[in-house]
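>>> Structure, please.
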Amino acid sequence: MSLLRVKSNGLGWAKIFSDFNSLFFPEFCLGCSSSLVQGEDILCTGCILDMPRTGYHLADSNPVAEKFIGRLPVKHAWAFLKFRKTGMVQHLLHQLKYNNQPEVGIRLGKLFGRELNDSGKNEFDLIIPVPLHPARLRTRGYNQSAKFSEGLGASLNVPFSEGISVRRNNTQTQTKKNKTERWDNVSQAFDIKDGEVIKGKRVLLVDDIITTGATLEACGQQLLEGGCKELSIACIAEAQ
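Just a heads-up that it's a prediction; the model follows:
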């Protein structure tokens with residue numbers, strides 16, 4: 001066999017090896033644990049179709065945006081999915097936050113980013129994730145909101161940065177706190193490290209899950225005070 005023919009068959013051999021590897025070492029959907037078929041990535045087609053989408057980016061107003069009325073001036077505020085206990089979204093968020101599966105956040109970000117693009121909602125200069133405290137970041141190894149931001153940025157062709165907004169306090173978990181306690185817990189938690197980067201920019205602030213919106217309000221206030229031109233919000237899921 002000539003060297004030219006070996007080179008021309010390179011892609012063919014790569015595909016054969018990939019198919020052989022998938023046969024004996026299959027990849028599994030992180031949503032339902034079924035085997036992924038060729039062309040699927042992280043999540044199977046069935047899980048992607050069955051995701052409980054909110055569709056909030058298609059409406060003039062929505063429950064997430066309404067949370068910030070009178071609290072924070074936002075251009076847009078959305079959640080991609082609906083969070084339900086024991087549901088698919090809870091399982092995916094658990095994989096993302098506690099099972100060292102950062103690719104879940106990236107995949108969800110890419111999916112939502114494509115839907116935003118398709119609906120003409122690509123009006124941002126910079127994507128900023130709600131930051132983790134350095135101690136929690138060391139424990140987890142990555143910021144789950146940053147992974148969602150990375151996926152959004154890839155689909156929207158918008159840069160994202162983890163280093164602009166910083167968390168100065170290692171706040172307690174918000175899970176069992178009421179609305180007032182949540183605000184008291186995070187109201188002084190954030191700071192802006194490099195204000196020049198956000199001045200005059202249309203910023204998309206990203207978090208994993210929204211309940212009362214206290215964390216996003218506190219972080220968003222700092223961004224607006226730091227000089228960003230316009231603030232919008234996107235979350236993976238809305239808890240009700």
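
>>> CA atoms for contacts and neighbours, from now on please.
OK.

>>> Assess the claim that Gly113 and Ser149 are in contact.
No. In this structure Gly113 lies outside contact range of Ser149 using C-alpha atoms under 8 Å: 9.4 Å.

>>> Tell me which of the two has more neighbours.
Neighbour totals were compared for Gly113 and Ser149, and Ser149 leads with 35 against 24 (other C-alpha atoms under 10 Å).

>>> correct me, but the more buried one touches Gly109?
Yes. The pair Ser149 and Gly109 qualifies as a contact (C-alpha under 8 Å) at a distance of 6.3 Å.

>>> By mean pLDDT, which helix or strand of the chain comes out lowest?
helix 3-8 (a mean of 46; mean pLDDT, DSSP states H and E).

>>> domain ranges for this protein?
Using automatic domain parsing, the domain ranges for the chain come out as 1-48, 51-239.

>>> Helix, strand, or coil at Ser149?
Classification of Ser149 using DSSP: H, G, I helix; E, B strand; the rest coil returns helix.

>>> Could you list the low-confidence segments of this protein?
1-26, 169-187 (pLDDT under 70).

>>> Just give me the longest helix of it.
Ranked by residue count, the top helix of the chain under DSSP state H comes out as helix 102-118.

>>> Flag every buried residue along that one.
102-116 (16 or more other C-alpha atoms under 10 Å).

>>> which ones are touching the spatially most central residue of the chain?
In the chain, the centroid-proximal residue (C-alpha atoms, centre = their mean) is Phe148; its distance is 2.2 Å. Phe148 makes contacts with Gly105, Ile106, Arg107, Leu108, Gly109, Lys110, Val206, Asp208, Ile236, as judged by C-alpha atoms under 8 Å, 6 or more residues apart in numbering.

>>> what about the last one, how many neighbours?
Other residues within reach of Ile236, judged by other C-alpha under 10 Å, total 25.

>>> The helix or strand containing it: how far from the chain's middle?
Using DSSP states H and E, Ile236 sits in strand 230-239. From the chain centre to the centre of strand 230-239 is a distance of 9 Å (C-alpha atoms, centre = their mean, to the nearest Å).

>>> can you pull out the helices in the chain?
All helices of the chain, identified by DSSP H, fall at 3-8, 10-24, 45-50, 63-67, 88-98, 102-118, 134-140, 144-156, 179-186, 195-198, 214-225.

>>> count of neighbours near Glu123?
Residues near Glu123, counting by other C-alpha under 10 Å, number 17.

>>> do you know how far it is from Met88?
30 Å (C-alpha to C-alpha, to the nearest Å).

>>> which residues sit in contact with Phe112?
Phe80, Leu152.

>>> want to throw the helices of the chain into CSV with distance to Ile127?
Shown next, in CSV, are the helices of the chain (distance: least, C-alpha to C-alpha, whole Å):
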stretch, distance to Ile127
helix 3-8, 42
helix 10-24, 35
helix 45-50, 24
helix 63-67, 18
helix 88-98, 19
helix 102-118, 12
helix 134-140, 19
helix 144-156, 6
helix 179-186, 21
helix 195-198, 10
helix 214-225, 12
